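In: Return a 3D structure for these sequence lines:
(2 chains)
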2 protein chains.
Amino acid sequence: MTQLAQQQCEACRADAPKVSDAELAELMTQIPDWTPQARDGVLQLEREFTFKNFKQAWAFADKVAELAESEFHHPAILLEWGKVTVTWWTHAINGLHRNDFIMAARTDTLLAN
Amino acid sequence: MTQLAQQQCEACRADAPKVSDAELAELMTQIPDWTPQARDGVLQLEREFTFKNFKQAWAFADKVAELAESEFHHPAILLEWGKVTVTWWTHAINGLHRNDFIMAARTDTLLAN
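Out: Numbers count the residues shown, from 1 in each chain, chains lettered A, B, ... in the order given. Down below sits the predicted model:
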């Protein structure tokens, strides 16, 4: 488990800082399987997880939903046959907060469980 | 419950017929809350369902997943805070089969349950 995955989200307000370019570069090294991408001008973290069938993908999507609800920080979870795409960003700041990197790292750990 | 919602999917092969324009027009009258839209040239049926919070959206997404697995016909289910977007199409024919309209109508009935 990465150091990031062991951290908790902190409460995030609308005036919380977005990660800087330097922080982004450093944090991405801790979640190498995720891709930062801008959608409608909002920077997000996305990863596609593949599975052997729908049931396995569904079970994983449920685990991500459970994690999201436990931290009250909610991603977009796209469930399809054999595939789950998870997208993290912080709605309150229309971009990436350190919380999103923590959640991405914690999402990765759900694969192993 | 609409007539469509009471029907079962039939097995769908790669040479199964897509719905014709006339059938599409007739079937859409039975699922008025759905929108037919082309994505990457593939015609799909989409509906956004809204909820009061994440938990309610999650519970609905789970019901849709259960329905999908029971018929072994799988949509894209996008779960976000307070919102679930369901998209039906038939991968085997890269478009809309009568099955997709049945599944859309059956998805609607899950709201009431």
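In: who touches the longest strand seen in chain A?
Out: Determined from DSSP state E, the single longest strand within chain A is strand A:42-50. Contacts to strand A:42-50, defined as Cβ atoms under 8 Å, 6 or more residues apart in numbering or on different chains, come from residues A:18, A:31, A:33-38, A:57, A:60, A:82-89, A:94-96, A:100-101, A:104, A:107-108, A:111. Every residue, glycine included, has its C-beta placed from N, CA and C.
In: got the residues of chain A near chain B?
Out: Chain A comes close to chain B at residues A:54-55, A:58, A:61-62, A:65, A:68-69, A:74-81, A:91, as judged by Cβ under 8 Å from any Cβ of the partner chain.
In: Among these, the buried ones, what's the ChimeraX command?
Out: Only the buried entries of these go into this ChimeraX selection, using 16 or more other Cβ atoms under 10 Å in any protein chain shown:
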select /A:54,58,61,62,65,68,74,75,76,77,78,79,80,81
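In: Next step: the residues of chain A next to chain B restricted to strands.
Out: A:76-80.
In: thinking again about what came up before, just the buried subset of the contacts of strand A:42-50, please.
Out: Buried among the contacts of strand A:42-50 (16+ other Cβ under 10 Å): A:18, A:31, A:34, A:36, A:57, A:60, A:83-89, A:95-96, A:100-101, A:104, A:107-108.
In: Tell me which residues touch the nearest residue to residue A:82 once chain neighbours are set aside, please.
Out: Excluding its sequence neighbours, the residue lying closest to residue A:82 (Cβ to Cβ, 6 or more residues apart in numbering or on different chains) is residue A:51, at 5.1 Å. With contact taken as Cβ under 8 Å, 6+ apart, residue A:51 is in contact with A:57, A:60, A:82-84.
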